[in-house]
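J.: sharing a sequence plus its predicted fold:
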Amino acid sequence: MRVCIFTLLLIFSENILANSEEGRYLLYDCNPGEGFNLRRDVFIRIVNLVKYLNTKEKWTLVLPPWGGIGYHWKERNMEQSKIPWSKFFDVGSLNEHVNVMEYEDYVEKIGEAAIDEIWYLQTYAEGIDFNNWVDKTDERPCIEPPVYESDDNGKIRGWFWGYEETYAKKFKCVSALGNARILSEPLLGKNTTAKSVMIDRGENVLHDTYGGKDYWDARRSMVFSRELRNFAADFRKKFLDSDDEKDKTKLPDNWKDNKREDNSAVGGPYIAAHVRRKDFLRARKEHVPSIKKVAEKLSSVMKEYKVDKIFIASDGTEKEMTELEKLLPNMVRYIPTSEEDKKYKKGGIAIIDQIICSHARYFIGSYESTFTFRITEEREIMGFSKETTYNRFCGDDEKDCQQLTKWRISWNSDKEIWQ
């Protein structure tokens, strides 16, 4: 009997050692309604959680394939799904911050399209007492019917980024309040020893230190794919007389070698604007200017900066863009061909717009737009001045039009986020 117990303990110990050497995997996803640029923000929250987990154990972040953003990407026949991160970003650069891998590489590594546990994040049913805020997590009954269900074999099925063969072995709802790091204690053995855990509705946890060094390190690691950068560079050169050498926007190959704190970037000889329309005309109408006011503002800036071209990124209708072009004859837009739309996907098209906007002599964006935020971050990384970067349009009758908050890079820190 003692021999059997000893043998079992030995096997158990060997399994623990093997798991610790190979490490554990964290996967995540967001609410389907969240757009591309908000999901990029959630990545920063989760990747820095993994950075902390790695101070205790070996963890790898599994990058969730892009897709399922139906409202924003107008998907047809799943063509905008199962998109690897390498389509949009340089995965090698991401690995300079934290160990990451594509989902299909994860499946190949573990030998099956399976996830040990899903933690479905939700709020607290009793609400939040903001006067007595306490960061916490608790395993709770699901507040709403989950979007997962068990099949006849007890396997948990769901969206899983369009991979129908993927399943989970265990599911639970977790009420969460606070920053991403609150998930570290339950992940590190208090509540699970699962080899792979998927955090669904990852947007429910917040940044641990928004704008701190780890935030900016994660953000700087999100270098766009070379394919998209090259396409945008060719467009800039052809239509806007812009290139990195003349514009002083050339960056080192490794983002860790970039220390541009001198506001030395000049930008191409054009103004760039992100003109948000569509649902903002309803949801933030007091902050959205008329097309006429947009043209007046841009004409004034063009004169101030002595340039005669302007690049527009917008979700406005063709009627609105035609009206704007009549008021701004030198207006330039990137309108993808059907082949480019298919090749680069909606996410890639958005990134091309953002790259072109970020290289301009002067940029002006839209109020509370994550698309605009991502552009200002790119300009901050390249070393543009705050005066040419953190600008936004004001509504026609907006009385107190404050400009964008200036989130400057934290290059160094005496104190790390994780203390």
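T.: That came through, no problem.

J.: contacting residues around residue 91?
T.: By Cβ atoms under 8 Å, 6 or more residues apart in numbering, the contact list for residue 91 reads 63, 85, 100, 102. Backbone N, C-alpha and C define where each C-beta goes, glycine included.

J.: ranges for the strands of the stretch 201-350 of the chain?
T.: 268-275, 310-314, 331-332 (DSSP state E, counting those that start in this stretch).

J.: quick one on the thing from earlier: from the contacts of residue 91, which is closest to residue 49?
T.: Nearest to residue 49 among these is residue 100, at 12.7 Å by Cβ to Cβ.

J.: residue 409 - how many residues pack around it?
T.: Here the neighbour count serves as a burial measure; for residue 409 (other Cβ atoms under 10 Å) it reads 20.

J.: top of the contacts of residue 91 by neighbour count?
T.: Taking other Cβ under 10 Å to define a neighbour, the member of these with the most is residue 63, carrying 24 neighbours.

J.: state the distance from the residue lying closest to that one once chain neighbours are set aside to residue 376.
T.: What sits nearest to residue 63 in space, not counting adjacent residues and going by Cβ to Cβ, 6 or more residues apart in numbering, is residue 85, at 4.4 Å. Residue 85 is 22 Å from residue 376, where distance means Cβ to Cβ, to the nearest Å.

J.: re the thing from before, distance of the residue nearest to residue 63 relative to residue 93?
T.: 11 Å.

J.: output the contacts of residue 91 as TSV; include the columns pLDDT, secondary structure and distance to residue 43.
T.: Converted to TSV, the contacts of residue 91 look like this (pLDDT from 0 to 100; DSSP: H, G, I helix; E, B strand; the rest coil; distance: Cβ to Cβ, whole Å):
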residue	pLDDT	secondary structure	distance to residue 43
63	98	strand	8
85	97	helix	9
100	98	strand	9
102	98	strand	14
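
J.: would TSV of the residues you listed with distance to residue 335 be doable?
T.: As requested, the contacts of residue 91 are exported to TSV (distance: Cβ to Cβ, whole Å):
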residue	distance to residue 335
63	30
85	26
100	33
102	31
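
J.: hmm, back to that, identify the residues contacting the residue nearest to residue 63.
T.: Listed by Cβ under 8 Å, 6+ apart, the contact partners of residue 85 are 63, 65, 66, 91, 94, 100, 102.

J.: quick one: which of those residues is nearest to residue 332?
T.: Comparing the contacts of residue 85 against residue 332 with Cβ to Cβ picks out residue 66 as the nearest, at 27.4 Å.

J.: how many neighbours does the closest one have?
T.: When counting by other Cβ under 10 Å, one arrives at 24 neighbours for residue 66.

J.: which residue sits closest to it, ignoring its sequence neighbours?
T.: Beyond its immediate neighbours in the sequence, the residue positioned closest to residue 66 (Cβ to Cβ, 6+ apart) is residue 83, lying 3.9 Å away.

J.: what's the answer for residue 297, then?
T.: Across the structure, with Cβ to Cβ, 6+ apart as the measure, the residue nearest residue 297 apart from its sequence neighbours is residue 393 (6.4 Å).

J.: number of nearby residues for that neighbour?
T.: Residues lying near residue 393 (other Cβ under 10 Å) number 23.

J.: got it, and residue 67?
T.: In terms of burial, residue 67 registers 22 neighbours under the definition other Cβ under 10 Å.

J.: separation between it and residue 214?
T.: Residue 67 sits 28 Å away from residue 214, going by Cβ to Cβ.

J.: next: residue 145.
T.: The separation that residue 145 has from residue 214, given Cβ to Cβ, amounts to 36 Å.

J.: more neighbours, those two?
T.: More crowded of residue 145 and residue 214, by other Cβ under 10 Å: residue 214, with 22 against 7.

J.: so residue 36 touches residue 349, yeah?
T.: No - the pair formed by residue 36 and residue 349 falls short of the contact definition of Cβ atoms under 8 Å, at 10.1 Å.

J.: what about the closest residue to residue 385 other than its chain neighbours, distance to residue 176?
T.: Distances taken as Cβ to Cβ, 6+ apart put residue 263 closest to residue 385, at 4.3 Å, once the chain neighbours are dropped. When distance is defined by Cβ to Cβ, residue 263 is 39 Å away from residue 176.

J.: same question, residue 54
T.: Counting by Cβ to Cβ - residue 54 and residue 176 are separated by 21 Å.

J.: which one of these two is surrounded by more residues?
T.: More neighbours surround residue 176 than the other of residue 54 and residue 176, with 25 against 16 (other Cβ under 10 Å).
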